[in-house]
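[1] What follows is a protein structure lacking sequence information:
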């Protein structure tokens, strides 16, 4: 048995009978959780346990737990600052900034693993050009070299905590003003400009532990007329070919407006998979999930890439993990 290429969401704190059936479908491969799926640590463990018990191999379980304004689980979890907080520390001391970024990754990884979640869609590798409000302080910095250094430390923290990393939004969402959740952003820059800035963090992290990449629903017409997530030029030629990336490629949410240029949900999913994505996300569109799963029944997720995304390593009780306690204290000092 193998997992399928579709990651779905669920509606509430427990699974419905319809959701259980949907997640047992051969095309299903994972679940992304949101704040609506979280009430307490105990409830979250029960939910992830129920999801894991549905099938073998177990479905992948993910969440957006970046820190700052994008942290789905809060009550009972350590508050993680926005990544920009570490970028601000860079000028005061590069080693301290790296240490704090690594501590953030470690806390996120350990806390997610202890609640049955495999990984977070993090880190954000976008360069903050001062244009995008949807990125803003989610970005480490406006300097590609600083982003690369801090993201490398953050990824190292995730890895040592037992969680995989997902760099987003390839090749970069920071230059455009439009929000791909509600619009179709277009970035008119030539490839040379994107390579000189936006691709530098990816170049630095590929080969240094980056497990997965999520492309942007942004069109870069100087390179391809299709959004990056539907573009074999961006995914196969540049990301896989030129940059040598061998990990997992996740689509961004197919229900976002930035994906609408590819047609309906099934057409979007097929376009993403044919362009080079390994797994597609469909969120907040339960009415489309059945059609999507049936239409992708023939697709499978490559087992080696799926296994790379699983939480790993023995987890010590949090109360006895001195590194965890130190990392939590560091996060509190940054938030204070």
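    The structure has been received and is ready for your questions. Small disclaimer: the values here were computed from a predicted structure and weren't measured.

[2] Look up how far residue 244 lies from the residue nearest the centre of the chain.
    Centroid-nearest residue in the chain: residue 121, 2.0 Å away (criterion: C-alpha atoms, centre = their mean). Between residue 121 and residue 244 the computed distance is 22 Å (C-beta to C-beta, to the nearest Å). Just so you know, the C-beta spots here come from the backbone N, C-alpha and C atoms, and that holds for glycine as well.

[3] What is the longest helix along the chain packed up against?
    Once the chain is assigned using DSSP state H, the helix that runs over the most residues is helix 94-113. Where contact means 3 or more C-beta pairs under 8 Å, 6 or more residues apart in numbering; DSSP states H and E, helix 94-113 is packed against strand 65-67, helix 84-90, strand 119-120, helix 144-160, helix 322-335.

[4] Among those, show me which one is buried the most.
    Highest mean neighbour count of the helices and strands packed on helix 94-113: strand 119-120, a mean of 28 (counted as mean count of other C-beta atoms under 10 Å).

[5] Identify the residues contacting it?
    With contact meaning C-beta atoms under 8 Å, 6 or more residues apart in numbering, strand 119-120 is reached by 60, 62-66, 108, 112, 158, 163-166, 211, 309, 311.

[6] Buried among those residues? Make that a PyMOL selection.
    To isolate the buried ones among the contacts of strand 119-120 in PyMOL, judged by 16 or more other C-beta atoms under 10 Å, type:
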select buried, resi 60+62+63+64+65+66+108+112+158+163+164+165+166+211+309+311
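
[7] Between the contacts of strand 119-120, which sits nearest residue 37?
    Residue 37 lies nearest to residue 63 out of the contacts of strand 119-120, by C-beta to C-beta, at 8.5 Å.

[8] Per-residue pLDDT of the closest one, please?
    Looking at residue 63, its pLDDT is 98.

[9] switch to numbering from 66
    With the count now opening at 66, the last piece we talked about shows up as residue 128.

[10] Skipping its backbone neighbours, what lies nearest it in space?
    residue 98 (4.6 Å; C-beta to C-beta, 6 or more residues apart in numbering).

[11] doesn't residue 124 make contact with the one you found?
    No: counting by C-beta atoms under 8 Å, residue 98 stays clear of residue 124, with 11.5 Å between them.

[12] Could I get the full set of strands for the protein?
    71-73, 93-98, 125-128, 130-132, 135-136, 184-185, 231-235, 277-280, 284-285, 289-292, 313-318, 344-347 (DSSP state E).

[13] what sits up against the fourth one?
    Meaning strand 130-132. Against strand 130-132 from outside (C-beta under 8 Å, 6+ apart): 136-138, 142, 144-148, 169, 173, 177, 182, 185-189, 203.

[14] what's the answer for the second one, then?
    Here strand 93-98 makes contact (C-beta under 8 Å, 6+ apart) with 68-75, 87-88, 109, 112-113, 116, 124-129, 137, 182, 186, 344, 346, 348, 358, 366, 371.

[15] and what of the third one?
    Identification of contacts with strand 125-128 by C-beta under 8 Å, 6+ apart yields 68, 72, 94-99, 113, 116-117, 137-138, 177, 181-186, 371, 374-375.

[16] Drop anything exposed from these.
    68, 72, 94-98, 113, 116-117, 137-138, 177, 181-186, 371, 374-375.

[17] Where does pLDDT dip in the stretch 116-265 of the chain?
    Applying pLDDT under 70 to the stretch 116-265 of the chain flags the ranges 243-247.

[18] Please name the residues that touch the closest residue to residue 389 other than its chain neighbours.
    Spatial nearest neighbour of residue 389, excluding adjacent residues (C-beta to C-beta, 6+ apart): residue 175 at 5.3 Å. Neighbour list for residue 175: 226, 227, 380, 383, 386, 389 [criterion: C-beta under 8 Å, 6+ apart].

[19] if we go to 7 Å?
    Residues in contact with residue 175 (C-beta atoms under 7 Å, 6 or more residues apart in numbering) are 226, 383, 386, 389.

[20] Thank you kindly, that will do.
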